[in-house]
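**Q** Fold the following.
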Amino acid sequence: MKHIDIDVNSDNFEYNGTKFDCELVIARDKELILQEAEKSHKEALETLYDKESLTQHQVKLYVDDNGNPVYLMMIYVIKYKDPSYGVLGTGREACGDYYPISSGYVNNKGFNVVYPHPFQTSICW
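**A** Numbers count the residues shown, from 1 in each chain. Got it, this is the predicted structure:
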């Protein structure tokens, strides 16, 4: 299995002609990432980061040997309040959970919907 990085700037992306809707995934990830940041990095979250800037910027799409999508992880960026902070650039990354991709529901826009799953969640902040 290998992964492919795909830049995103909305709640969907396309791979090999198939469109994927990640709206539910993104909503869940953002909530979990901010909850974890609130618990483990409360002072930094309040003083260094612009909570409203948390946004998705890349999908790590894991594919099998035939190039078929198996699961994905959304990568997010949160910006510093002070852009001159600069040590690590303009912000930092946070990782969402892993989401299995199935050939399930296609929405009215023709996108395959990626759903959160009932397993243990794994995010990084």
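
**Q** what are the ranges of the helices in this protein?
**A** For the chain, the helices defined by DSSP state H cover 23-40, 42-47.

**Q** Please tell me how far the closest residue in space to residue 47 that isn't next to it in sequence sits from residue 44.
**A** In this structure, residue 47 finds its nearest non-sequential neighbour in residue 81, 7.5 Å apart by C-beta to C-beta, 6 or more residues apart in numbering. No exception for glycine: its C-beta is placed from N, CA and C like everyone else's. According to C-beta to C-beta, to the nearest Å, residue 81 stands 11 Å off from residue 44.

**Q** residues contacting the spatially closest residue to residue 69 that is not a sequence neighbour?
**A** Spatial nearest neighbour of residue 69, chain neighbours left out: residue 101 (4.5 Å); criterion: C-beta to C-beta, 6+ apart. When the contact criterion is C-beta atoms under 8 Å, 6 or more residues apart in numbering, the partners of residue 101 are 20, 69, 70, 71, 72, 112, 114.

**Q** let's go with 10 Å and repeat that
**A** 15, 18, 20, 61-63, 68-72, 112, 114-115 (C-beta atoms under 10 Å, 6 or more residues apart in numbering).

**Q** So which of the residues you listed sits lowest on pLDDT?
**A** Lowest pLDDT within the contacts of residue 101 is found at residue 115 (70).

**Q** quick one, phi psi at it?
**A** Here is the backbone geometry of residue 115 (degrees, to the nearest 10): phi -100, psi 150.

**Q** pretty sure it is in contact with residue 71, am I right?
**A** No: with contact defined as C-beta atoms under 10 Å, residue 115 does not reach residue 71; the gap is 11.7 Å.

**Q** what residue lies at the spatial centre of the chain?
**A** residue 74 (2.3 Å; C-alpha atoms, centre = their mean).

**Q** Please report the distance of that one from residue 43.
**A** 26 Å.

**Q** for residue 49, same thing?
**A** 11 Å.
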